[in-house]
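Q: kindly generate the corresponding structure for this input.
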Amino acid sequence: MSKTSVKRFLALYFLILFGAIFLRVDYFPLSWVPMYGYREIGPQLTVKFGDKSGRKRGFFAQRANGETLYISAEDLNVPNANFRRLYHQRAYNNAPPQDDRERVALMSFNRWWYETFVGPDPRLNKNYSGQLLDSVNQTFGYGPSDPRRIARLEASLDFATYDREHLDIGDLSRPKIERRTAIITETGSFLKRGDRVAPMSTGMASKAGEVE
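A: Numbers count the residues shown, from 1 in each chain. All right, here's what the predicted structure looks like:
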């Protein structure tokens, strides 16, 4: 290959690469975009506690005919890491990082590019929990009128809330622990916190396990 051909190839390569970075195209190989980590500053920090035994048991489920069962990673034939995301994130209507971060603080040209060629902002109307219920039924081959179809899924996790004043001094010994249960049904998704049950947040500003 001649020097001229090499220079043309490199020029084209870097044009495409930096164009992808400029447009924040996350699925383009080797491009970098700031959507996988971000910092939130506030008076409190709330995090989810993993529960390996509960996650191994799986989702509590109810069929349309009233039968109850548990659905595990083995039942769905998915790796444990994937199932963890389903149980800890999608059930609580939390998006993958790309959906949550790809359009944060975009310049007007980049926003136009996404709206025109990719589609609406996925944060505007989140329905990851509903998609999870549909996917489970599709995996088992249950149609919308099958009495064996899964009509309800539940996932329960402990949420710990730390005060900023304690975090500033490295004191993690006094969290406020709250049990939250994601309830996914054919008519909508809900979050149970104590005795309160409310619709799952679906808007752009929704956070993990919060309600509107």
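
Q: break the protein down into its structural domains.
A: Taking automatic domain parsing as the domain assignment, the record places the domains of the chain at 1-32, 43-94+121-199.

Q: got a markdown table for these, with distance to N110, mean neighbour count and mean pLDDT too?
A: In short, each C-beta sits where N, CA and C put it, glycine included. Below are these laid out as a markdown table (distance: least, C-beta to C-beta, whole Å; neighbours: other C-beta atoms under 10 Å; pLDDT from 0 to 100):
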| stretch | distance to N110 | mean neighbour count | mean pLDDT |
| --- | --- | --- | --- |
| domain 1-32 | 6 | 12 | 72 |
| domain 43-94+121-199 | 12 | 15 | 94 |
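
Q: ok, residues contacting stretch 186-194?
A: By C-beta atoms under 8 Å, 6 or more residues apart in numbering, the residues outside stretch 186-194 that reach it are 92-93, 127, 129-130, 133, 151-152, 178-184, 197-201, 209-211.

Q: cool, stretch 155-172 as well?
A: For stretch 155-172, the external contacting residues (C-beta under 8 Å, 6+ apart) are 42-51, 54, 59-60, 87-88, 91-92, 174-182, 209.

Q: ok, 7 Å please
A: For stretch 155-172, contacts defined as C-beta atoms under 7 Å, 6 or more residues apart in numbering pick out 43-49, 51, 54, 59, 87-88, 91, 174-182, 209.

Q: now do the SS call for V47.
A: V47 carries the three-state label strand when classified by DSSP: H, G, I helix; E, B strand; the rest coil.
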